[in-house]
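1. What shape does this take:
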Amino acid sequence: MIPVVELRGAIPAGVAAGLPVFWAALISIAGNMIPVPFVLFFIRKILNWMEKKSSFLAGLARKLRDKAESNKDRVLKYEFWGLVLLVAIPLPGTGAYTGALVAAMMDMQFKRAIPAIFVGVIIAGILVGLATGGFIAIL
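-> Got it, this is the predicted structure:
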């Protein structure tokens, strides 16, 4: 559930801890989705609070808003599938948290955002699981 690392780090960590790739991916997908509804519901309030609390937190809130803004055009263009793609690409700066942040900043309906993020997390889980399994097979 750690931002940035998300399931991209959890699956290899789970496998390294002795879990089969399938179970590591399944548990990582579930763990990655747990905070998403909370991010969607509360991120605006949290960012507003951060901006009022201190200049350091205000700067962090601005960075988060800028991150959402930089991904907004891509997601707006393709809406559901744009959000799926943003979440599914297993690169730093993408993932469920970023997807939830962007969806919240776009005022995307909860009933559209959750399925898009979930599909993206599943795709990312499959990609990272395959890469982890392939890497282990090479060793």
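2. So the most centrally placed residue in the chain versus I29, what's the distance?
-> For the chain, the residue nearest the mean C-alpha position is A96 (1.7 Å; CA atoms, centre = their mean). In this view, A96 and I29 are 9 Å apart by CB to CB, to the nearest Å. Backbone N, C-alpha and C define where each C-beta goes, glycine included.
3. Identify the contacts common to the two.
-> V121 (CB atoms under 8 Å, 6 or more residues apart in numbering).
4. Longest helix in this structure, by number of residues?
-> Using DSSP state H to define each element, the chain has its longest helix at helix 55-88.
5. Could you give me the buried positions within that one?
-> 61, 64-65, 67-68, 71-72, 75, 82-88 (16 or more other CB atoms under 10 Å).
6. Name the nearest of those residues relative to Q109.
-> L83 (11.4 Å; CB to CB).
7. so the closest one touches L101, yeah?
-> No. Here L83 lies out of contact with L101, judged by CB atoms under 8 Å, at a distance of 11.0 Å.
8. Which helix or strand in this structure has the lowest average pLDDT?
-> Across the helices and strands of the chain, mean confidence by mean pLDDT, DSSP states H and E is lowest for helix 55-88: a mean of 84.
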